[in-house]
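Trainee: fold the following, please.
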Amino acid sequence: MAVIGLILLLPGFCALLFGGALLWDRRIEPDILALVLIGLALGAGGIALLRLAIRGRRS
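Mentor: Okay, here's the model as predicted:
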């Protein structure tokens, strides 16, 4: 679970980079914005998986 969480952090990191670049652009394309939001969602899923892997299952 931790390995998949780390892999899912990569699209989230790229989405942060591209999202930051979009802030400088005056015209934001909706297609690129959708990809950035999908990347951020994948990154959030990766963070959730890492938290679950670190904490473990509570009994």
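Trainee: point out where the protein drops to low pLDDT.
Mentor: Across the chain, the stretches falling below the confidence threshold (pLDDT under 70) are 57-59.
Trainee: so what secondary structure elements neighbour the helix ranked longest in it?
Mentor: Once the chain is assigned using DSSP state H, the helix that runs over the most residues is helix 30-55. In this structure, helix 30-55 makes packing contacts with helix 2-24, judged by 3 or more Cβ pairs under 8 Å, 6 or more residues apart in numbering; DSSP states H and E. C-betas here are computed from N, CA, C, even on glycine.
Trainee: find out how far the helix it packs on is from the centre of the chain, if you would.
Mentor: The chain centroid and the centroid of helix 2-24 are separated by 5 Å under Cα atoms, centre = their mean, to the nearest Å.
Trainee: got the angle for that helix vs helix 30-55?
Mentor: Computed by axes from the mean of the first three to the mean of the last three Cα atoms, to 10 degrees, the angle separating helix 2-24 from helix 30-55 equals 150 degrees.
Trainee: sort out which residues of the longest helix of the chain are buried, please.
Mentor: Burial within helix 30-55, assessed by neighbour count using 16 or more other Cβ atoms under 10 Å, is assigned to 35-36, 39-40, 42-43, 45-46, 49-50.
Trainee: could these go into TSV alongside distance to residue 6?
Mentor: As requested, the buried residues of helix 30-55 are exported to TSV (distance: Cβ to Cβ, whole Å):
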residue	distance to residue 6
35	21
36	20
39	15
40	17
42	12
43	11
45	12
46	7
49	9
50	7
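Trainee: which among those residues gets closest to residue 2?
Mentor: When the buried residues of helix 30-55 are compared for distance to residue 2, the smallest value, 6.1 Å, is given by residue 50; criterion: Cβ to Cβ.
Trainee: contacting residues around the closest one?
Mentor: Contact analysis of residue 50 by Cβ atoms under 8 Å, 6 or more residues apart in numbering lists 2, 5-6, 9.
Trainee: go again with 10 Å.
Mentor: The contact partners of residue 50, taken as Cβ atoms under 10 Å, 6 or more residues apart in numbering, are 1-6, 8-9.
Trainee: how about residue 16?
Mentor: Under the criterion of Cβ under 10 Å, 6+ apart, the contact partners of residue 16 comprise 36, 39-40, 43.
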